[in-house]
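*Asks:* quick check, what structure comes out for this input:
(one chain, ligands or ions: 1)
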Amino acid sequence: MKHDADILIVGGGLNGPALALALAGGGLRVTVVDARPAPARAELGFDGRAYSLALASKRLLSVIGVWPQIADKVQPILEIKASDGHAGSGAAPFFLHFDHAEIEEGPMGFMAEDRHLYAAFLAMMQAAPNITLLSGETVTAQSIDAAGASVTLASGKTLTARLIVGCDGRTSGTAQRAGISRSGWGYGQTALVTAVEHALPHHGIAHQFFMPQGPLAILPLPGNRSSIVWSETDARAAQIAALGDDDFLNALRPRFGDFLGEIALAGTRFTYPLNLTLANSFVAPRLALVGDAAHGVHPIAGQGLNLGLRDVGALAQVLIEAARRGEDIGAVDVLERYQQWRRFDTTTLALGMDSVNRLFSNDNPLLRLGRDLGMGAVNALPALRRRFIRTAAGLEGDLPLLLQGKQI
Ligand SMILES: Cc1cc2nc3c(=O)[nH]c(=O)nc-3n(C[C@H](O)[C@H](O)[C@H](O)COP(=O)(O)OP(=O)(O)OC[C@H]3O[C@@H](n4cnc5c(N)ncnc54)[C@H](O)[C@@H]3O)c2cc1C
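*Replies:* Below you'll find the predicted structure:
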């Protein structure tokens, strides 16, 4: 049977384009369908959204050709400092301090703005001869049989492929239509996300202040700017979100502290309700899930996209190697290799971040003492500290070739 593409990717957010470029680099024909009209998103100015990309994610982006386009627009993360904080009293002395100089590979991560990352993905996809991008098109139905898979778009068009990959985010319709259920729970927390300008330089240091209501991350951007991910209880976040810009800054200042001098808003303000959502299977016949469609996690460690890019590296490697061997890339035994590689790792990390959030998002004095002592111990042991830094850099575990910086 002749298909429109080898692989049809539903979702052109961030993981969808990364997967498309990785697969196209291995000689496969890919169609990407994205509900969002692409040019509108790429033309946006800075809107406050930015991601911390681990060193391993940078390697993948380098191999698929995206990194050279954003390299001069990212901010290296040179140090990470974590501390307990209290609104009104600022942050206590930090109890964890990771310095990139303790590993030989370089900065453990980089902050990249959504507008630059997405624009680079878009340009690369449009230039790739074996990628077809359909923007502003929504998948409404899918069907799967022994010979192949097909999707129907809202416009009435039908597309066929040997495999469908759902990169369609936390409420993945691809998973729902395949009957894949999800597990998870809400955190009762909402993240307030924006960017601020500050008077003093950040020196490439990322800060995590653990407040009883939820963590506040201050992540360095190029220039005297930082990205803010400020988690609060849902009710409190709704009140803060409703404030005007000046009152929002007045609420932020006592939490942020004055270590970077005077602050001002430098981006749009967003809110994201926080929940954990894990697909109960990452694969089905002729179907795989990648990124948030497979696992939506708490942003406490800035790992969501990094986990997704690990999926991208693993799935691309499994599919390209299977195609080279002449195997059917939609066969369950091929897709199971991807699931075995990624599902345990992802679930462990998702539940780990869940525990960290629970441990830190409270004011119980015993827990506070215990975690400060525990983190103090980590900080005092160079071998353990190095292990944490390597984990933050995405260098631990069974790394797919792309995350080692190698071609498949
Ligand atoms: C507050 C916050 C801060 C974060 N910070 C970080 C960070 O610092 N570092 C990090 O690594 N991660 C971070 N993350 C996580 C990161 O944002 C996500 O993991 C990542 O954006 C997921 O990308 P995705 O491509 O899987 O899904 P999405 O970005 O959700 O993209 C899904 C795409 O699918 C499309 N789509 C959906 N349904 C259909 C359909 N039926 N037909 C066609 N298209 C469809 C949508 O239009 C969308 O473009 C953060 C998340 C939050 C909430």
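
*Asks:* neighbours around the residue found closest to residue 407 once you drop the neighbours it is linked to in the chain, how many?
*Replies:* Here the nearest residue to residue 407 in space, its sequence neighbours aside, is residue 63; by Cβ to Cβ, 6 or more residues apart in numbering that works out to 6.1 Å. Heads up, the C-betas are built off the backbone N, CA and C, glycines and all. Applying the criterion other Cβ atoms under 10 Å, we find 20 residues in the vicinity of residue 63.

*Asks:* give the contact list for residue 63.
*Replies:* For residue 63, the residues meeting the contact criterion (Cβ atoms under 8 Å, 6 or more residues apart in numbering) are 22, 25, 402, 405-407.

*Asks:* likewise residue 280?
*Replies:* In this structure, residue 280 makes contact with 180-183, judged by Cβ under 8 Å, 6+ apart.

*Asks:* among these, name the ones in strands.
*Replies:* Among the contacts of residue 280, the members falling in strands (DSSP state E) are 182-183.

*Asks:* I'd like the contacts of residue 280 as a markdown table, with pLDDT appended.
*Replies:* A markdown table is the format used below for the contacts of residue 280 (pLDDT from 0 to 100):
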| residue | pLDDT |
| --- | --- |
| 180 | 98 |
| 181 | 96 |
| 182 | 95 |
| 183 | 91 |
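
*Asks:* by neighbours, which of the contacts of residue 280 wins?
*Replies:* Per-residue neighbour counts (other Cβ under 10 Å) across the contacts of residue 280 peak at residue 180, which has 20 neighbours.

*Asks:* which phi and psi does that one have?
*Replies:* Backbone geometry at residue 180, expressed as degrees, to the nearest 10, gives phi -90, psi 120.

*Asks:* of the contacts of residue 63, which is the most crowded?
*Replies:* Top of those by neighbour number is residue 402, holding 27 neighbours under the definition other Cβ under 10 Å.

*Asks:* residues contacting that one?
*Replies:* Applying Cβ under 8 Å, 6+ apart to residue 402 gives the contacts 22, 59-60, 63-64, 312-313, 316-317, 408.

*Asks:* and if you look at residue 307?
*Replies:* Residues in contact with residue 307 (Cβ under 8 Å, 6+ apart) are 291, 295, 297, 346, 349.

*Asks:* with residue 131 instead?
*Replies:* Residues near residue 131 by Cβ under 8 Å, 6+ apart: 20-21, 24, 30-32, 125.

*Asks:* quick check: phi and psi on it?
*Replies:* When quoted as degrees, to the nearest 10, the phi and psi of residue 131 stand at phi -120, psi 130.

*Asks:* swap in residue 340?
*Replies:* Given degrees, to the nearest 10, the pair of backbone angles that residue 340 has is phi -60, psi -40.

*Asks:* tell me the pLDDT at it?
*Replies:* Taken from the predicted model, the pLDDT recorded for residue 340 is 95.

*Asks:* same check on residue 315?
*Replies:* 98.

*Asks:* that older thread, between the contacts of residue 131, which sits nearest residue 303?
*Replies:* residue 21 (21.3 Å; Cβ to Cβ).

*Asks:* need the contact list for the closest one.
*Replies:* Applying Cβ under 8 Å, 6+ apart to residue 21 gives the contacts 64-66, 121, 124-125, 128, 131.

*Asks:* redo that, cut-off 7 Å
*Replies:* The contact partners of residue 21, by Cβ atoms under 7 Å, 6 or more residues apart in numbering, come to 64-66, 124-125, 128.

*Asks:* select only the buried ones of the residues you listed in PyMOL?
*Replies:* In PyMOL, selecting the buried portion of the contacts of residue 21, with burial taken from 16 or more other Cβ atoms under 10 Å, looks like this:
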select buried, resi 64+66+124+125+128
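
*Asks:* quick one: which of the contacts of residue 21 sit in helices?
*Replies:* Applying DSSP state H to the contacts of residue 21, the entries found in helices are 124-125.

*Asks:* farthest pair in the contacts of residue 21?
*Replies:* For the contacts of residue 21, and using Cβ to Cβ, no pair is farther apart than 66 and 128, which are 11.4 Å apart.

*Asks:* any idea which helix or strand carries the residue in the chain positioned nearest to the ligand?
*Replies:* Across the chain, the shortest distance to the ligand (Cβ to the nearest ligand atom) belongs to residue 13, at 2.2 Å. When secondary structure is defined using DSSP states H and E, no element contains residue 13, which sits outside every helix and strand.

*Asks:* I'd like to know which of the contacts of residue 131 are buried.
*Replies:* Burial by neighbour count, judged by 16+ other Cβ under 10 Å, picks out 20-21, 24, 30-32, 125 from those.
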